[in-house]
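Undergrad: Generate coordinates for the sequence data below:
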Amino acid sequence: MRKIAFVAAAAAAAVISAPAFAKGPYIGLGVTHENVSTSADLEGLGLSGIGGTVLAGYSVPVSENVFVGVEANFDLSTAKLGDTDGIEADHSFGVSGRLGTNLNEKTSLFGRVGYQRGRLSFTADSVKESESFDGLRFGAGVQTAVAEKVSLRAEYSRTHYSLSKESRDDLAPAKGGYNTDQFSLAVVFGF
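TA: Next up, the predicted model:
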């Protein structure tokens, strides 16, 4: 009985001491800067642009200073190379697992790993073709509370998209895959 009371007290302390954004559901809006680079045949070809992100997730404290969570996102991008003919990163969406630690009552560090699906468009001679690709996303960030249920987040993430053999045959400019490096600043609202 004493052990059960101790475990319950420790769990309650972890929930109470965790920053508001490190427990429960949340949503967020942010601005992104993306650099997209290709590999293999066109290694070194890159495009960049400003975009936006919408995110929603749920975090659970697992100890006084550690939390885990899951997060979904949808990103729009303006990364483009060429005005009429070229390559354009349209949008992406995905889901990630997050693991973080609270540095103090207001600030935490976190890492992420997850699945991302992104779409590139290729335009040549005024003909536009689009293709979606699966990728592995990983990253790290810092988040700090500015009010009871509001926090600011800064994050860097990298997604590596691989192309299937069928896509490689059809989409020569992106043979081998492509990478997206994304820097984001977001406002996160907890519930």
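Undergrad: residue ranges with poor pLDDT in the protein?
TA: 1-22, 39-45, 163-176 (pLDDT under 70).
Undergrad: what sits against the residue nearest the centre of the chain?
TA: Central residue of the chain (CA atoms, centre = their mean): residue 157, 6.0 Å from the mean position. Taking CB atoms under 8 Å, 6 or more residues apart in numbering, we find residue 157 in contact with 112, 137-141, 181-182, 184. Glycine gets a C-beta too; all of them are placed from N, C-alpha and C.
Undergrad: pretty sure it belongs to a helix, no?
TA: No: Residue 157 sits outside any helix when classified using DSSP: H, G, I helix; E, B strand; the rest coil, being strand.
Undergrad: could we number from 30 for the rest of this?
TA: All right, first residue 30 from here; so that's residue 186.
Undergrad: Which residue, neighbours along the chain excluded, lies closest to it?
TA: residue 168 (2.8 Å; CB to CB, 6 or more residues apart in numbering).
Undergrad: Repeat that for residue 119.
TA: residue 148 (4.4 Å).
Undergrad: what does residue 213 give?
TA: residue 61 (4.5 Å).
Undergrad: Now do the SS call for that neighbour.
TA: Here residue 61 takes the strand state, with states given by three-state DSSP.
Undergrad: can I assume it is in contact with residue 83?
TA: No: Residue 61 is not in contact with residue 83 according to CB atoms under 8 Å; the separation is 10.8 Å.
Undergrad: Give the buried residues for the strand or helix carrying the residue nearest to residue 119.
TA: In this assignment (DSSP states H and E), residue 148 forms part of strand 136-153. By neighbour count on 16 or more other CB atoms under 10 Å, the buried set for strand 136-153 is 137, 139-141, 143, 145-149, 151-152.
Undergrad: residues touching residue 123, list them.
TA: So residue 123 contacts 101-102, 143-146, 164, 166, 188 (CB under 8 Å, 6+ apart).
Undergrad: Closest to residue 125 out of these?
TA: Closest approach to residue 125 among the contacts of residue 123 (CB to CB): residue 143, at 2.8 Å.
Undergrad: Could you verify my assumption that the closest one touches residue 124?
TA: Yes: counting by CB under 8 Å, residue 143 touches residue 124, with 5.4 Å between them.
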